[in-house]
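In: Following is a predicted model, sequence given first.
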Amino acid sequence: MTSILPPRQSLSYRLLALLLALSLSVSLLLTGLMVGRDYRQAMREVDSQMALIAERDVPVIEDNLWVMDNDDVRVVLRGLLHSPYLWHAWIEDQKGQLSIEEGEVPSGHVLRRELPLAYSYEGQTVNLGRLKIDFSLDELYNDLLTGAGQRLLVNGVGVLLAALAFFWLLQAMLTRHLLAISTYLKDHDDWDDATPLRLTGRPDLPLTTEEVDELQRIVLAINDLRRHQRQAVTALQTEIGTRRRAEASLRESEEVLRAIFEQAAVGLARIDPENGCLLQVNQRYCDLVGYLPEELAGRPYQSLTHPDDRASESDCLRRLKIGSCRSCSLEQRYLRRNGEPVWVHLTMSPVRAANAVPAGYILVVEDIGPRRAAEVELAGHQRLLEDLVRQRTEELRERNQRLAALNQHFVGRELRMAELKAENERLRQAASQGEPRG
């Protein structure tokens, strides 16, 4: 026999359970509201009874107490006991002593009220005591509980019938179509299946329309989704092929770059832009400073720099960070593992990310120790040559001075000889002409 209830794992079953729980909650809420209303009404009736007693019975009691007619007072008190929930009434005199009592004290919860008793005589008011009345709250609660059970039954049946009617209406209008949609999606999970979704008992829909209900919108959305899915899968396959080729090319480029990095004839290192620690070094860099690669990983790059050259290296990095230059080169000293300094030519360049923010810095380190030694040796030879040239120049200057002095001596002698020759010639001429000697 087929159960009239839907399967436990279905949405209809959970919806039915939710409606039943809501029905019970609504019934309890309505019953609680009604019981609260009845309780307030009963309290108002008690207040009305007290007001009626104060207006109607208290004057009679006061008159009879004044004339000390206790029998009539008892009659009045017994009449009060016929009021709903009123079980016990008694009178205390002005000293608080019990004087007249009717009824019995109710067990359980008691609501006690009292009214003052006084009599006016010749302009004076005489205190006769107090009238006290006990109402049985247990009797009131029992009446409310009995009424609550009846109201809960009526409310529960009414709300449950309304919930069941709503559930079966929803089942007929929506749930069976949702089941048809889920079955379609399960049976047509192949992306290249072009069979559109159609609901039994629903009209065929155009591709796009605005005058449709929610179910028709769902059908349109599923058909559009499957159409776009086919297009997206085709485009995705093309994109996957293109990406695989790009990834293969990228891997090949990375392998080439890695080989270039590892086999370069100069030292290469990549440093972190934040803390300046070494991230990656090649073997030539390790050979240059005398450390293993794992010993250099995470080590600050300036720890390998000679203390006297760290300021210039920091200034180079600062200018790269602010963008004042694209690369920076300088000659400085590194400290090997054994503490021996070695001269290197350092070139520092930033590695730019996609957002133009430096993702690191590349250090290109070339050992220029032999060149620096040759330059020092050449400078020594040059200084020696300059000293020799200076010495030879000084010797030549001194020789030129001596030659100049000798030249001046010989030139003066020649001049005197020429003067003597001229004088002799003049004397010969004078002698030949017979002139006396002067």
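Out: Now that the structure is in, tell me what you want to look at.
In: Next secondary structure element downstream of the worst-scoring helix or strand of the chain on mean pLDDT?
Out: Least confident helix or strand of the chain, by mean pLDDT, DSSP states H and E, is helix 176-187 with a mean of 72. Using DSSP states H and E, the next helix or strand after helix 176-187 towards the C-terminus is helix 214-263.
In: and the next element down the chain from that next one?
Out: The first helix or strand that comes after helix 214-263 along the chain, using DSSP H and E, is strand 267-271.
In: between that next one and helix 214-263, how many degrees?
Out: Counting by axes from the mean of the first three to the mean of the last three Cα atoms, to 10 degrees, strand 267-271 lies at 150 degrees to helix 214-263.
In: by contact count, what packs against strand 267-271?
Out: strand 278-281, helix 283-289, strand 358-367 (3 or more Cβ pairs under 8 Å, 6 or more residues apart in numbering; DSSP states H and E). All C-beta atoms are positioned from the backbone trio N, CA, C, and that covers glycine.
In: any chance of these in JSON lines, with distance to Leu117 and mean neighbour count too?
Out: What follows is those, written out as JSON lines (distance: least, Cβ to Cβ, whole Å; neighbours: other Cβ atoms under 10 Å):
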{"stretch": "strand 278-281", "distance to Leu117": "101", "mean neighbour count": "20"}
{"stretch": "helix 283-289", "distance to Leu117": "113", "mean neighbour count": "18"}
{"stretch": "strand 358-367", "distance to Leu117": "99", "mean neighbour count": "18"}
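In: got CSV for the ones you listed, with distance to Arg37 and mean pLDDT too?
Out: Shown next, in CSV, are these (distance: least, Cβ to Cβ, whole Å; pLDDT from 0 to 100):
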stretch, distance to Arg37, mean pLDDT
strand 278-281, 78, 89
helix 283-289, 90, 88
strand 358-367, 74, 84
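In: May I see those organised as CSV, with distance to Ala246 added?
Out: Shown next, in CSV, are the helices and strands packed on strand 267-271 (distance: least, Cβ to Cβ, whole Å):
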stretch, distance to Ala246
strand 278-281, 24
helix 283-289, 30
strand 358-367, 20
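In: Out of those, flag the one nearest Leu160.
Out: Closest of the helices and strands packed on strand 267-271 to Leu160 is strand 358-367, at 68.3 Å (criterion: Cβ to Cβ).
In: how about the strands of the protein, start to end?
Out: For the chain, the strands defined by DSSP state E cover 86-92, 98-103, 110-121, 124-136, 267-271, 278-281, 328-335, 341-352, 358-367.
In: Of the ones you listed, which is nearest Ser25?
Out: That would be strand 110-121 among these, by Cβ to Cβ, at 31.4 Å.
In: chain center to that closest one, what's the gap?
Out: Strand 110-121 has its C-alpha centroid displaced from the chain centroid by 71 Å (Cα atoms, centre = their mean, to the nearest Å).
In: before we move on, the earlier item: CSV for the strands of the chain, including distance to Glu295?
Out: Shown next, in CSV, are the strands of the chain (distance: least, Cβ to Cβ, whole Å):
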stretch, distance to Glu295
strand 86-92, 99
strand 98-103, 103
strand 110-121, 91
strand 124-136, 94
strand 267-271, 13
strand 278-281, 10
strand 328-335, 14
strand 341-352, 17
strand 358-367, 17
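In: Run through the stretch 151-300 of the chain and note the low-pLDDT ranges.
Out: Along the stretch 151-300 of the chain, segments meeting pLDDT under 70 span 171-176, 189-194, 200-215.
In: Could you rerun that using 50?
Out: Counting by pLDDT under 50, the stretch 151-300 of the chain has low-confidence residues at 207.
In: tell me the contacts of Leu28?
Out: Residues near Leu28 by Cβ atoms under 8 Å, 6 or more residues apart in numbering: Leu152.
In: I'd like the distance between it and Glu139.
Out: Distance of Leu28 to Glu139, given as Cβ to Cβ, to the nearest Å: 24 Å.
In: what about Ala221, how many neighbours?
Out: Here the number of neighbours of Ala221 (other Cβ atoms under 10 Å) works out to 11.
In: How about Ala248?
Out: For Ala248, using other Cβ under 10 Å, the count is 10.
In: in the sheet, who's paired with the nearest residue to Leu128 once chain neighbours are set aside?
Out: Excluding its sequence neighbours, the residue lying closest to Leu128 (Cβ to Cβ, 6 or more residues apart in numbering) is Leu117, at 4.1 Å. Assessed by DSSP bridges, Leu117 has beta-bridge partners Gly129.
In: And the one 4 residues further on, by the same measure?
Out: For Tyr121, the beta-bridge assignment (DSSP bridges) gives partners Gln124.
In: Quick check: it vs Leu128, distance?
Out: Taken as Cβ to Cβ, the span from Tyr121 to Leu128 is 11 Å.
In: try Leu115
Out: 11 Å.
In: who's more crowded, these two?
Out: Leu128 (19 against 14).
In: Could you report the distance from that one to Trp90?
Out: In this structure, Leu128 and Trp90 are 14 Å apart, going by Cβ to Cβ.
In: same deal with Asp315?
Out: According to Cβ to Cβ, Asp315 stands 106 Å off from Trp90.
In: now swap in Gly412 and tell me
Out: Distance of Gly412 to Trp90, computed by Cβ to Cβ: 173 Å.
In: Tell me which of those two has more neighbours.
Out: Using other Cβ under 10 Å as the criterion, Gly412 and Trp90 rank with Trp90 on top: 19 against 10.
In: Can you spell out which residues form a bridge with the more buried one?
Out: As for beta bridges, Trp90 partners with Glu101, Lys132 under DSSP bridges.
In: ok, it to Asn64 distance?
Out: 15 Å.
In: got it, and Ile362?
Out: To Asn64, Ile362 is 117 Å away according to Cβ to Cβ.
In: Ok, Leu140 next?
Out: 30 Å.
In: same thing with Leu137?
Out: From Leu137 across to Asn64, the span is 30 Å (Cβ to Cβ).
In: got it, and Arg383?
Out: In terms of Cβ to Cβ, Arg383 sits 147 Å off from Asn64.
In: Tell me where the model's unsure across the stretch 1-150 of the chain.
Out: Scanning the stretch 1-150 of the chain for pLDDT under 50 picks out 1-2.
In: Repeat the analysis, applying 80 as the threshold.
Out: Within the stretch 1-150 of the chain, the segments meeting pLDDT under 80 span 1-17, 19, 122-123.
In: Helices of that one, residue ranges please.
Out: With helices called from DSSP state H, counting those that start in this stretch, the stretch 1-150 of the chain shows them at 11-52, 58-66, 70-80, 137-170.
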